[in-house]
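Participant: With the sequence up front, the predicted model follows.
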Amino acid sequence: MLLRKLMVILLPLICLGILLALSGWLSGLGFWGTAALGFLGGLAVAVFPMAAGEARGHVPFRRLLLVPALLLAALLIAQALAVRGTATGLPGFLAAVNTTQVLLEAAFAGGLAGTALLG
């Protein structure tokens, strides 16, 4: 049971990490790279209910999806403060390198929160 709950929390963050790794490479492809990144992001968001244990309309662990959603929201706030120069304690590997990264993080946070609250 604990392993299943950890998967519900970690799987969205792993999917986001993979998409962020691909975003640098796909952004060099112009429009098609952005379209592919959006398509892959949509596929990843569609995985959230299944990762939370969806079976016949019932999602037993969907509330756990709020944990990665809140973590991503906190990261977005920290990145916004770092861009404004208010907070400088953000490690370099967590800094937003471009707007595509912020877009993906915000889309994942919204998808997770929506699935947790409405799914």
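Facilitator: Happy to help now that I have it.

Participant: So which residues make contact with stretch 98-112?
Facilitator: With CB atoms under 8 Å, 6 or more residues apart in numbering as the test, stretch 98-112 has contacts from 12, 15-16, 19-20, 23, 27, 34, 37, 41, 44-45, 48, 65-66, 68-69, 72-73, 75-76, 79, 96. All C-beta spots, glycine's among them, are computed from the backbone N, C-alpha and C.

Participant: swap that for stretch 18-26, sorry
Facilitator: 33-34, 36-37, 40-41, 44, 97-98, 100-101, 104-105.

Participant: Buried ones among those?
Facilitator: By neighbour count, with 16 or more other CB atoms under 10 Å, the contacts of stretch 18-26 hold 33, 37, 40-41, 44, 100-101, 104-105 as buried.

Participant: quick one: which of those is nearest to Val8?
Facilitator: Using CB to CB, Ala44 comes nearest to Val8 of these, at 14.2 Å.

Participant: re earlier: now intersect the contacts of stretch 18-26 with the strands, please.
Facilitator: Among the contacts of stretch 18-26, DSSP state E puts none in strands.

Participant: Quick one: those residues as CSV, columns for distance to Gly114 and pLDDT too.
Facilitator: CSV is the format used below for those (distance: CB to CB, whole Å; pLDDT from 0 to 100):
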residue, distance to Gly114, pLDDT
Gly33, 26, 76
Thr34, 22, 70
Ala36, 23, 77
Leu37, 20, 79
Leu40, 18, 79
Gly41, 14, 78
Ala44, 14, 77
Val97, 26, 69
Asn98, 25, 72
Thr100, 21, 76
Gln101, 20, 78
Leu104, 16, 82
Glu105, 15, 83
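
Participant: Do you know the pLDDT at the residue positioned nearest the centre of the chain?
Facilitator: Taking CA atoms, centre = their mean, the centroid of the chain lies closest to Phe108, which sits 3.3 Å from it. In this model, Phe108 is scored at 83, pLDDT.
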